[in-house]
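In: give me coordinates for this.
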Amino acid sequence: MEVVQVLHMKGGVGETSYATNSLVQVPDGVENNRGNIYMASTSPPNVLKAYYEQFQKDFSLFLKCRSEELVDGGRMVLTFLGRRSEDPSSKECCYIWELLAMALNDMVFEGVIEEEKLNSFNIPQYTPSPAEVKSEVVKEGSFTVDRLEVTEVNWDAYQNEFGSLSDAYKDGGYNVAKCMRAVAEPLLASHFGEAIIDEVFQRYRDIVADRMAKEKTEFVNVIISLIKG
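Out: Reported below is the predicted structural model:
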């Protein structure tokens with residue numbers, strides 16, 4: 001699956017894919033999210049609350065700004081990486097980041113990364129449920145919900161195309177790590193430095209490949225069609 005951030009606005013039609021997952025900033029008050037880099041099953045309740053409140057603030061502003069660019073009756077379709085569960089730390093939305101945190105924690109254990117460096121790093125993203133998306137749309141008030149759907153996509157976009165691909169694309173761990181590197185590398189490099197990047201993603205690739213061989217791994221897409229007015 002290729003993670004992209006695109007926004008197209010043309011007066012009467014708007015479309016965005018995954019751009020609305022990015023938060024304006026890492027939420028305030030998540031300093032106790034030690035050992036994690038995102039919402040996780042071991043994250044304290046205040047961390048989950050802080051992430052949700054940052055999403056509410058950012059998404060409401062996003063809707064307000066987009067409503068000013070669309071004519072009345074104009075349509076906007078948004079695609080989020082999200083979750084079906086109402087649990088914000090559920091595996092279906094946070095597991096991909098928990099595995100990256102595992103690679104980083106291994107490097108802390110081995111002395112490659114300072115523990116405090118890891119504990120001060122968090123991903124500025126939120127993966128909402130359908131109910132959370134709809135609630136913010138209704139609350140902000142610029143749009144009505146036309147349609148709301150949830151779909152699943154395998155972590156490895158090439159999984160069902162092995163017969164037509166070269167061996168280079170048949171390594172699921174490599175494919176997923178490459179995709180996630182495109183998303184996370186700038187954040188990691190800025191916080192930890194460039195020197196660790198190759199090693200982090202080699203470790204991550206091995207962890208992801210092991211998990212994909214043992215269990216079903218899918219992203220959840222939340223897709224909502226909105227009409228202005």
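
In: now do the contacts for the residue lying farthest from the centre of the chain.
Out: Distance from the C-alpha centroid of the chain, by CA atoms, centre = their mean, peaks at residue 72 (30.7 Å). The contact partners of residue 72, taken as CB atoms under 8 Å, 6 or more residues apart in numbering, are 228-229. No exception for glycine: its C-beta is placed from N, CA and C like everyone else's.

In: how far away is residue 138 from residue 223?
Out: To residue 223, residue 138 is 17 Å away according to CB to CB, to the nearest Å.

In: higher neighbour count, these two?
Out: Between residue 138 and residue 223, counting by other CB atoms under 10 Å, residue 223 is the more crowded of the two (17 against 11).

In: the bottom helix or strand of the protein by mean pLDDT?
Out: strand 6-9 (a mean of 45; mean pLDDT, DSSP states H and E).

In: the residue nearest to residue 143 when sequence neighbours are not counted: what secondary structure?
Out: Leaving aside its sequence neighbours, residue 143 sits nearest to residue 226 (CB to CB, 6 or more residues apart in numbering; 3.9 Å). Look at residue 226: counting by DSSP: H, G, I helix; E, B strand; the rest coil, its state is strand.

In: quick one: average pLDDT of stretch 39-52?
Out: In this model, stretch 39-52 has a mean pLDDT of 96.

In: can you point out the buried residues in that stretch?
Out: 39-40, 43, 47-48, 50-52 (16 or more other CB atoms under 10 Å).

In: same question for stretch 50-61.
Out: Buried, per 16+ other CB under 10 Å, within stretch 50-61: 50-52, 54-56, 58-60.

In: how far off centre is it?
Out: Computed by CA atoms, centre = their mean, to the nearest Å, the chain-centroid distance of stretch 50-61 equals 14 Å.

In: tell me which residues are up against that stretch.
Out: So stretch 50-61 is in contact with 20, 23-25, 27-30, 39, 88, 126, 128, 132-133, 136, 139-140, going by CB under 8 Å, 6+ apart.

In: same thing but 10 Å
Out: Here stretch 50-61 makes contact (CB atoms under 10 Å, 6 or more residues apart in numbering) with 20-30, 33, 38-39, 43-44, 78, 80, 88-89, 122-128, 132-133, 135-137, 139-142.

In: likewise stretch 131-140?
Out: 20, 52, 55-64, 67, 78, 80, 82-84, 86, 88, 126, 128-129, 143-145, 148, 222-224, 226.

In: re earlier: could you export the buried residues of stretch 50-61 as a markdown table, including secondary structure?
Out: Putting the buried residues of stretch 50-61 into a markdown table (three-state DSSP) gives the following:
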| residue | secondary structure |
| --- | --- |
| 50 | helix |
| 51 | helix |
| 52 | helix |
| 54 | helix |
| 55 | helix |
| 56 | helix |
| 58 | helix |
| 59 | helix |
| 60 | helix |
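
In: any idea how far residue 104 is from residue 119?
Out: Taken as CB to CB, the span from residue 119 to residue 104 is 10 Å.

In: now do the shared contacts for these two.
Out: Taking CB under 10 Å, 6+ apart as the criterion, residue 119 and residue 104 both touch 35-37.

In: how about stretch 35-49 as PDB, C-alpha atoms only?
Out: Presented in PDB, the C-alpha positions along stretch 35-49 are these (Å, rounded to 0.1, in the frame of the first residue of the first chain):
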ATOM      1  CA  GLY A  35       8.800   3.200  25.000                       C
ATOM      2  CA  ASN A  36       6.100   4.000  22.400                       C
ATOM      3  CA  ILE A  37       6.200   6.200  19.300                       C
ATOM      4  CA  TYR A  38       2.500   6.400  18.800                       C
ATOM      5  CA  MET A  39      -0.700   5.400  20.500                       C
ATOM      6  CA  ALA A  40      -0.200   1.800  21.700                       C
ATOM      7  CA  SER A  41      -1.800  -0.800  24.000                       C
ATOM      8  CA  THR A  42       0.700   0.300  26.700                       C
ATOM      9  CA  SER A  43       0.000   4.000  26.200                       C
ATOM     10  CA  PRO A  44      -1.500   5.800  29.300                       C
ATOM     11  CA  PRO A  45      -5.100   7.100  28.900                       C
ATOM     12  CA  ASN A  46      -4.000  10.700  28.800                       C
ATOM     13  CA  VAL A  47      -1.900  10.000  25.700                       C
ATOM     14  CA  LEU A  48      -4.900   8.600  23.800                       C
ATOM     15  CA  LYS A  49      -7.000  11.600  24.900                       C
END
